[in-house]
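Asker: pasting a predicted model and its sequence here:
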Amino acid sequence: MTVRLRGHHLLCLLTYASKGYSPAFVANADAVADRVFDGEAIRIVEGADDICAPLLGTTGHHCDGRTAERRDRLALADIGVYLGRRLAVGAVLQPDADERRALAQAFAAGRVRAACANCVWQRHCGLVARRAFAGTRWNGREKPRP
């Protein structure tokens, strides 16, 4: 199978620590994060993705908003630099440990955070990065070195 992710969720997964909008959201995001970090391929999609699924149909979700779309574009541009290729909707990637580590280092250094501007999770994610990603889903599989 392939995990369907929108652009900015590639960054969100770096600092994802089993916190979210609801218990259903967290359970789903845990499962998606585990699939990604266990090596499942990722297909870049436009709009709502596998992480958004529990929020769809609820009021107040932002998955289809322009802000999320802007975050996706900015994230894909930044991430593409560190993976050495242009990323766009439809691309399939399967970042290895070295690529994920390079991306985590870039995130911790603030080089891939254009998509994070004004995000409600920005402060949390910055703190997680400063703590060397301690407590994240990722950290149980490998140790990112900021």
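Answerer: That came in fine, so what should we check first?
Asker: how far off centre is the longest helix anywhere in the chain?
Answerer: In the chain, assigned by DSSP state H, the helix with the most residues is helix 66-83. Chain-centre distance of helix 66-83: 10 Å, with Cα atoms, centre = their mean, to the nearest Å.
Asker: from memory Ile42 sits against Leu93, does it?
Answerer: Yes - in this structure, Ile42 is within contact of Leu93 by Cβ atoms under 8 Å, at 5.3 Å. To be clear about C-beta, it is placed using only N, CA and C from the backbone, and glycine gets the same treatment.
Asker: which sections of this protein are below the confidence cut-off?
Answerer: Along the chain, segments meeting pLDDT under 70 span 54-64, 139-146.
Asker: try it again at 90.
Answerer: 1, 18-22, 24-26, 37-39, 47-48, 52-68, 82-84, 95-102, 120, 134-146 (pLDDT under 90).
Asker: how about the strands of this structure, start to end?
Answerer: All strands of the chain, identified by DSSP state E, fall at 2-5, 41-44, 92-93.
Asker: mind listing residues that contact the second one?
Answerer: In this case it means strand 41-44. Strand 41-44 is contacted from outside by 2-7, 10, 36, 76, 87-95, using Cβ atoms under 8 Å, 6 or more residues apart in numbering.
Asker: mind listing what's buried in that strand?
Answerer: Across strand 41-44, burial judged by 16 or more other Cβ atoms under 10 Å covers Ile42, Ile44.
Asker: and it, how far from the chain's centre?
Answerer: 12 Å.
Asker: cool, and the first one?
Answerer: Centroid separation between strand 2-5 and its chain, computed with Cα atoms, centre = their mean, is 11 Å.
Asker: for that strand, packing partners?
Answerer: If you count contacts as 3 or more Cβ pairs under 8 Å, 6 or more residues apart in numbering; DSSP states H and E, strand 2-5 packs onto helix 23-37, strand 41-44.
Asker: swap the cut-off to 10 Å and go again
Answerer: helix 7-15, helix 23-37, strand 41-44 (3 or more Cβ pairs under 10 Å, 6 or more residues apart in numbering; DSSP states H and E).
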